[in-house]
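J.: Give me a model of this one.
(chains A, B, C, D and E, ligands or ions: 5)
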Amino acid sequence: MFFYIIRRLIAVVIMLFVISMTTFLVFYAGPDDPARLTCAKNCTPAVIAANRHAFGFDKPIATQYTDFVKGLVSERKFPDDPAQEKAAPQTITHCAAPCLGYSFVRQQPVTAMIKQGLPITVSLAVGAFVIWIVVGVTSGCIAALNRGTFIDRTIVGAALIGFSLPSFFIGLLLLTFVAIRWQLVPIPEFVPFTENPALWAQNLILPWITLAAIFAASYVRLTRAYMLETMSEDYIRTARAKGVKENKVIRRHGLRAALTPIVTAAGLDLGGLLGGAVITESVFGLNGLGRMAVQAVVQTDLPMIVALVLVAAAFVVIANLVVDVLYGVIDPRVRLS
Amino acid sequence: MSETTQKPFLEVKDLKVHFPTDDGLVKSVDGLSFNLERGKTIGIVGESGSGKSVTSQAILGLHRRGKAKTSGQIILDGEDLMTIGNEKLRTLRGSKMAMIFQDPLSALHPYYTIGAQIVEAIQVHHDLDKNQARARTIEMLDRVGIPNPQRRVDQYPHEFSGGMRQRAMIAMALVNNPELLIADEPTTALDVTVQAQILDLMRDLQKEFGSAIIMITHDLGVVAEIADDVLVMYGGKAVEYGNVKDVFYAPEHPYTWGLLTSMPRLDRVRKTRLEPVPGNPPSLINVPSGCAFHPRCAFRDQVADDGCRTIVPGLDEARPGHAARCLIPSDKRAQLFADDVKPRL
Amino acid sequence: MTTEPLATPTEAPAEPTRSQGEPLLRLTEMQKYFPQYKRALIRRPDAPVRAVDGISLELRAGETVGLVGESGCGKSTAGRTMLRLLDPTGGKIEFEGEDITSVTGDHLRRLRREMQMVFQDPYGSLNPRQTIGSIIAAPFDIQRIKPEGGTRKAVQGLMERVGLNPEHYNRYPHEFSGGQRQRIGVARAIALEPKLVVCDEPVSALDVSIQAQVINLLEDIQNEQGLAYVFVAHDLSVVRHISDRVVVMYLGKLMEEADRDTLYERPLHPYTHALLSAVPVPDPERESGRERILLKGDLPSPQNPPSGCVFRTRCPKAQERCAAEVPVPVEISPGHRVACHFPEERSVV
Amino acid sequence: GGGSSSTGGSQSTGAAAKGGTLYMLNLGPVDHWDPQRIYVGADIQFASRVFSRTLTTFPPGKTIEDQSKLIPDLATNTGDVSDGGKTWKFTLKGDAKWQDGKPVTCEDLKYGISRTFAADQITGGPNYAIAYFDIPKNADGSSKYAGPYKKTGQELYDKAVSCSGQTITFHLSQPVNDFNQTVTFPAFGAFRQDKDQGAKSDYAIFSDGPYMLQGNWETNKGGTFVRNPNWSASSDPFRKAYPDSIVYQEGIESETIVQRIMADSGNDKFAVTQATAPPALQAQIVSNPQVKDRSTNPPAPYVDYLLPNFKSKVMKNEKARQAFAMSTNRDAYVTAYGGSTAATPTYAMINKALKGYKDFNPFGVPTAGDPAKAKAVLQSSGLTLPVPITVTYRKRPTSDKALAALQSGWEQAGFKVTLDGISDKYYSTIQNPAYASKADVFWAGWGADWPSGSTVIPPLFDSRPNISAGGSGQDYGYFQNADVNKKIDQTFLIADTAAREKAWGDLDEEIAKMGGHVALDNQKFMFVHGSGVKNYNDNGVFGGYVELADIAVK
Amino acid sequence: MTMAPGQPDEAHAQVDVETSATDGAVAIKGRTPWQIVRSRIRRDKVTMVALGICIVFALIGILSPILTSLGLIDPYKGDIKLVQGVGSLPTGALGGISGSHWFGVEPGTGRDLFSRIMAGITTSLIVAVLATLFSILVGTILGLISGFAGGWLDWLISRTMDLVLSFPQTLMLLSLSTVLLGAMTDVLGFPPGAPATIAYLVLVLGFFGWPFFARIIRGQVLSLREREFVEAARSLGAKRGRLYFKELLPHLWAPILVYATLILPQNIAAEASLGFLGVGIQAPTPSLGSILNDSVVYANPDPAYFIFPGLMLSILVLSFNLLGDGLRDALDPKTGRS
Ligand SMILES: Nc1ncnc2c1ncn2[C@@H]1O[C@H](COP(=O)(O)OP(=O)(O)OP(=O)(O)O)[C@@H](O)[C@H]1O
Ligand SMILES: Nc1ncnc2c1ncn2[C@@H]1O[C@H](COP(=O)(O)OP(=O)(O)OP(=O)(O)O)[C@@H](O)[C@H]1O
Ligand SMILES: [Mg+2]
Ligand SMILES: [Mg+2]
Ligand code: NI
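T.: Residues are numbered from 1 along each chain as shown, chains lettered A, B, ... in the order given. Ligands and ions are numbered 1, 2, ... in the order given. Predicted coordinates for the structure are as follows:
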């Protein structure tokens, strides 16, 4: 198991490496001249050239990439221009490691902005996660145990409807009616958990519901399917044959086994969300990583896009790792092989 | 069959288990009756799909209410299991009656240790604390011949070999000293060498615990080895029922004959070709009319007017304690067997 | 149960009997190892699974050799390797005097016409998405052979031959029962009139009442066509019925080989004794009189088999010598080879 | 009553008093708070009222006339011009103070303005300093002075801009008779050298106005402005600074902002915004008297226009340009934007609110266009009908509809139209020379920098500073006409403001007749504000955005 | 999104007995796997209804361009007389519903909403279907190779799948537009406007969709290739081509079909969501996503404009989901619903 984790960690690092390289290539080696984007109006070729040099876009893409990777472990300077550093040292931005780049649109190290958005995205993702797991798994179980009945059909039907509505649609409806029209909850605005947990939750409830709706729907289906599968396993029959009480059979024997694949799926979905729930954040104007990404795209803030893609991919890759390890903990068959 | 007049320990009367499905009503068990004495073993044989497992699960009350229609009587030690209610039945399961399944790997929960699963079986029925239950578990594992039980108790099913798993299943079944043990093909998945070990173990344990055993199997050899009585099932019904020696030496039903003649033997080289039972097992939805076996029966012309196709035979005693479900008169059957079948065995 | 002490056999390795000219198939010390890997920090090779570890055997045309042993002892692997469905790790395979140990490509493909296989699982071995017609025609298609009168006619002829209704040409496998499916498998195997067919437990999945149908069919075809069978089975009764000679395997090695009657009536190897004694016979009286030789413990892992005699860990007669010295199969009497330091004749059935 | 032409208007009753908190809700994110880099109308308005004073400015007022009267701010007067418009002098009043109590000096001003020249650091701002000052230029048009960080050519700058005591003197390379309006830009404001960290200073607001930033500015979140203790009302008569603090919240979607303010609950009672109401909400605003009272409908500074691409095969043809212009249905365009509350059709590039506006109709077609007439013209052009054209525009939900609305008129006239919407970095894309061959017509929008035709016609149609190897500059349609260029030069020389503005208007018409532009509409804003906001006015000079100088919440 | 467990396998045989067999034995009358699936589906009312709706939508998708060219519907021509109020809302009641405008008209332009929805369905379906086909094609080929070839090729393809799946999908769909949308016209030569955006959506949706198929196919192939019939074919000397196409591919239609019907609605929804983020189909070509994006803000002032496209999109996505579920159940009774 130990070696397994080490091996996986190495694989994760390699994977992130490849991801960063791909992302870098896709966005920087494109037909556009990134330097063109560094000045808004009044771009003259001279300014473009100066900026190209200042941000290192005149270096070969490979060098730019190695600079980027170096920045992950050591400090970088923007602009990396010894002449300017000598003439006006106060104008040099020092980007401490891990430095994910420097946004020439926002004139800030990208890392700082990501730090700002991360708590929002995490709050959103984790809260929604809790809701969808609780709601999804419970109703999935109920549906499975009442298979074929009215309850089952209602739950499955509701799940499918939830699953079929695009999330921006659900989100905008909730926002327009629940928050603005009926004023049942405040219009979402992020309040840090550490400041006021009650307000934090109150403000996030609509985004949570929006995000959870789609996931809950698919978890209902997932749980139900796994539950049906495990409840028809031989070992459930064995448990009954032992005389174990029915609800214990369900909880201890059925759910335990059914939850394993759900944990996997949930881990991966959560990992995916930690990189930003683009649509929900945009609908509710929560400035998490997802909305930052949208803004970065609108402003063609390439360093920001690259960094956000990387961060999001890192979450996915790490979630993969965690899930695999977790699987080993849950399932003894995996643990020992 | 014993001659005693007192009530038998287990009495199954006219058991029917029907499953309504999309394609029609599956009559998996359709009017099955048999008795079993304390400490005795009954072997149930029959082709795949003849209803053996369904019967055993019906006795334990494992069929889900909505999905199976069950009727008849199952009287265990004077109590009718069909009417005593779920909760009472549950308390009997695993304590008074227990079951061993065919495939021990899938019948054991992959996420719990062998020990935990046996401890659970104990604690469901006894008010023992963890340590006591564990001690009892280790003792039981030792008893069924698992070497090194202190260590093995904390291992998971997948760390056991096939034979060891089946021993663990047996330990789990016997841990509460059940008076009735149902073994559903406990050795089919195992090698003959391991089968010999397991059967040996079961015999020993039966002597020790005095349980009655229902042994379900495909293998006539196993029946010959371990059973006192035999029940031959075909299409959800018993076609022959009697003492093991009667059934093997003077079988009454053409299907039993077919089983015997189609089997190659270990103990001698057959002089003739094997005689398969022609055709295929019957559908349980559209059971053939009359005698369910008639489409495959080589002797159906022994009954006049196509009777086999139209008349449903009853399970009649040809001799005391030996019954068969066949329209051919008993004496004629004996003669057919002696003249026609026996030479071919 | 009688126990007759036996004269110490000659140590000289037995010359395999070579009576009537070249055998159809000759295996010399055939090995098949499956490489294994340890999953530590980096993947590195582990001890391989020695599924077949040096089997020598000769098979004459028209003969049936039964291959028996416990699950996992390498029967199927041996069968597949001798057909070159798996590449042997070592040893030599000769077919009709030709060394086929390492032929490949078209040569191997041509060889397939001569050697065929019938599989255990009548459900799994037929592609459920193809009609019976195209399943049985596959050998012709694949080998690009145009039978006289067209493929369809040839296929229907084959169907008739194995007792299937030729009108069912266009039906799908699931429309047939297990026994019928196994007949389809047989028809496919004999389509190109091979000289050798390996049957890997062809009747294990069938009910007793059905399996006789298939056994009879195999016998009939052999009588008509004179092909040779390697018959792999668990079921010692079936093997006794169908085989001319029987090979007992344990952990990838040959334990004993003899003609059928000798093996069942006068087995020499303690493992054969245990195997035969474990089989219950459908005869209550006789059963009550039989003694079982119960083996201790479990089958050792084929990844690190015991030293010396692989059977010694479970052998009731094991002695020090067994751990040190690998017993070589010796020919005790013509055609009866046994790999044991202490062979002993016993009657156990 | 808001701006000059606002519908209804909202005069909150009761006198204004000091105190309270004003909330400014915006989508953002604000591009820059660095005075030298601010170039967005709304931000200019906010900065110059809240934390960045300039030499001169436009005052608050009830009407556009009042609002357009230039007044001194840091300076004692609105500037002294000499040398035929090439030398400008301003003298500081000297009583303005930074938030740390130090006085705002002439050197601070000089230093601030010099930052514009550090074009690789101080990006985004207006470049008037580079264009106007008497500093030699390199071949590529960039200045020989590289800004205060590199200091190359510092002596050239020191010559062009000099301080003597409290007086700052600007030497221009050409006469600019409205230079005193140019200096209303925060880009001509002061900056303290010891606080300068180049690009890093962008959001590190250091105030010389009535409010200062408390804590940090957070992108997408905003910041809180509190009173600058060193600011004195006496030094700054027109900034009333009634609220105690201004909370600027950004990162809220515009629709949400408008709906929140419409709902008027909690702190939103004291909220204003620079986000205009989308058409979907305008009907609701207007139909609800309570909300309508709290809304204003000022003209926006923007003119939407279409530019035939003079490099395209089709649009090189004058008849094709005429036919295109004649078949343009301005009514449909305006309707798609939300009707009369959202825009008014126009033929002129100079906004109707400006003095330079001239009411003309180049081809004598109604605002709905005349496709039939256009078709006749197009048929006479020698092109085979249907004439395929690609119209490139900036993709927004409403502009999608608006351009689609124009499409059918053009097609009736015989064009086969492909619409090509670009959502991101629109202008830098169409400026790219590579794009010149892809489009036949470009859509664009423009707002005057200060209320003069000089910030409309020259920047957009003078080909000399615009067109280069690097692309089209702001002359997106590659309009090149020596005659027009000459007239532009001449107009700059006219000293009389009224005559000068009239000349801009004439040029506007001339270009339109050549098919150089097809102006579409003057946009209008619809703003709502909370019921607790008093003295609410729009300032037309600052683009119609809310006037913060005398707003109050008490 | 995670899919439910259990991949559809070939339908398990259902066996009826026919007593009149030739050899006295009982012959089994069977139906082809498809027949069984068909009969299962026929019994499943919900799926039948969903299938019906899907067919109707498909018909609309095919017919609306024809109707447009015949002039029976016109999604492009506006009439500003119909939208004269403040904010250019439709003048009539219920969003301007009338005999000639069954669903009312679009605010701002007065274009006929019914026509636009019809045409929008076509566009949305084109995008979703092409993207799904793209995923299927690439996914199936790579999955087949990966599962069957094993070794380094499998490793390479599997890691590529991991790589693609690691990228945040929505984010990539959005941000790739900055570099790829232009390339559609410049490099691939699609006409600017709607064709280019459709090509972009198809390409990126398809690209991020193929690993799902490849995984499923690979899993199927891995289990199929252990089946004895593959070994049987090999024992007859079959070459790779035959193994892939004759032995394996026929088993993959069922899972491909099921996952295609499940991914299709996801692609429809994705198109809508991308439109919301600003990279939708280029105007004036309507798509359900672009109509809905525009209409959500009108939920209050012009409910009709919002309800019709919203309802259409939901019904479309829902019925494809239901159909996919039904197909899965029919093809794989293990995870059935009833
Ligand atoms: N839950 C169920 N629903 C429908 N039919 C069922 C169900 N359980 C069992 N059957 C049917 O009942 C018949 C008898 O099944 P059973 O498992 O008892 O056979 P068996 O004799 O134990 O066979 P085997 O030797 O293969 O174990 C079979 O045809 C089976 O398909
Ligand atoms: N592809 C493989 N890779 C690794 N090990 C294998 C492989 N195939 C078989 N083995 C191992 O080789 C040994 C012999 O297997 P084989 O299938 O030949 O046994 P068998 O005698 O046919 O058993 P059974 O009676 O169960 O069919 C077993 O331990 C098995 O686990
Ligand atoms: Mg069974
Ligand atoms: Mg095998
Ligand atoms: Ni999912």
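
J.: What is the subsequent helix or strand relative to the lowest-mean-pLDDT helix or strand in chain D?
T.: Scoring the helices and strands of chain D by mean pLDDT, DSSP states H and E places helix D:426-431 at the bottom, with a mean of 83. Next helix or strand after helix D:426-431 toward the C-terminus (DSSP states H and E): strand D:441-447.

J.: who's in contact with the residue in the stretch 151-300 of chain A that chain D sits nearest to?
T.: Nearest to chain D, among the residues of the stretch 151-300 of chain A, is residue A:287, at 3.7 Å (CB to the nearest CB). From N, CA and C alone the C-beta is placed, and that goes for glycine too. Residue A:287 sits next to A:116-117, A:120, A:190, A:281, D:220-221, D:251 when contact means CB atoms under 8 Å, 6 or more residues apart in numbering or on different chains.

J.: so what's it scoring on pLDDT?
T.: pLDDT for residue A:287: 88.

J.: From chain B, how far out is the residue lying closest to it once chain neighbours are set aside?
T.: Distance criterion CB to CB, 6 or more residues apart in numbering or on different chains; nearest residue to residue A:287, sequence neighbours excluded, is residue D:220 at 3.7 Å. In this view, residue D:220 and chain B are 46 Å apart by CB to the nearest CB, to the nearest Å.

J.: same deal with residue E:306?
T.: Counting by CB to the nearest CB - residue E:306 and chain B are separated by 43 Å.

J.: May I ask you to confirm that that residue is in contact with residue E:293?
T.: No: at 10.9 Å, residue E:306 and residue E:293 do not qualify as touching, with contact defined as CB atoms under 8 Å.

J.: re earlier: does chain A sit close to the least confident helix or strand of chain D?
T.: Yes: under the criterion of CB under 8 Å from any CB of the partner chain, chain A is reached by helix D:426-431 at D:427-428, D:431.

J.: Closest one of the residues you listed to residue B:322?
T.: Closest approach between the residues of helix D:426-431 next to chain A and residue B:322, by CB to CB: residue D:428, at 99.8 Å.

J.: Can I get the contacts of residue A:287 in JSON lines including distance to ligand 2?
T.: Output for the contacts of residue A:287, formatted as JSON lines (distance: CB to the nearest ligand atom, whole Å):
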{"residue": "A:116", "distance to ligand 2": "54"}
{"residue": "A:117", "distance to ligand 2": "50"}
{"residue": "A:120", "distance to ligand 2": "51"}
{"residue": "A:190", "distance to ligand 2": "55"}
{"residue": "A:281", "distance to ligand 2": "50"}
{"residue": "D:220", "distance to ligand 2": "57"}
{"residue": "D:221", "distance to ligand 2": "60"}
{"residue": "D:251", "distance to ligand 2": "59"}
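
J.: and the residue in chain B that chain D sits nearest to, which of the three is it?
T.: Closest contact between chain B and chain D, by CB to the nearest CB, is at residue B:111 (46.1 Å). Secondary structure state of residue B:111, per DSSP: H, G, I helix; E, B strand; the rest coil, is coil.

J.: Is the most centrally placed residue in chain E within a helix or a strand, and which one?
T.: Centroid-nearest residue in chain E, with CA atoms, centre = their mean: residue E:264, separated by 1.6 Å. Using DSSP H and E, residue E:264 sits within helix E:249-276.

J.: just residue B:11 next, same as before
T.: Counting by DSSP H and E, the element that carries residue B:11 is strand B:10-21.

J.: Which residues are in contact with the one residue in the stretch 151-300 of chain C that gets nearest to chain A?
T.: As assessed by CB to the nearest CB, chain A sits closest to residue C:298 within the stretch 151-300 of chain C, at 17.7 Å. By CB under 8 Å, 6+ apart, residue C:298 lies in contact with B:161, B:163-164.

J.: change it to 6 Å
T.: By CB atoms under 6 Å, 6 or more residues apart in numbering or on different chains, the contact set of residue C:298 is residue B:161.

J.: Show me where chain A has its strands.
T.: Secondary structure of chain A (DSSP state E): strands at A:76-78, A:93-95, A:102-103, A:108-109.

J.: Make TSV out of those and add distance to chain C and mean pLDDT.
T.: Output for these, formatted as TSV (distance: least, CB to the nearest CB, whole Å; pLDDT from 0 to 100):
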stretch	distance to chain C	mean pLDDT
strand A:76-78	33	83
strand A:93-95	34	84
strand A:102-103	37	86
strand A:108-109	36	84
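
J.: most packed of the ones you listed?
T.: Mean neighbour count (mean count of other CB atoms under 10 Å in any protein chain shown) peaks for strand A:102-103 among the strands of chain A, with a mean of 24.

J.: Neighbouring strands of that strand in the sheet, and parallel or not?
T.: Here strand A:102-103 has these sheet partners by DSSP bridges: strand A:108-109 (antiparallel).
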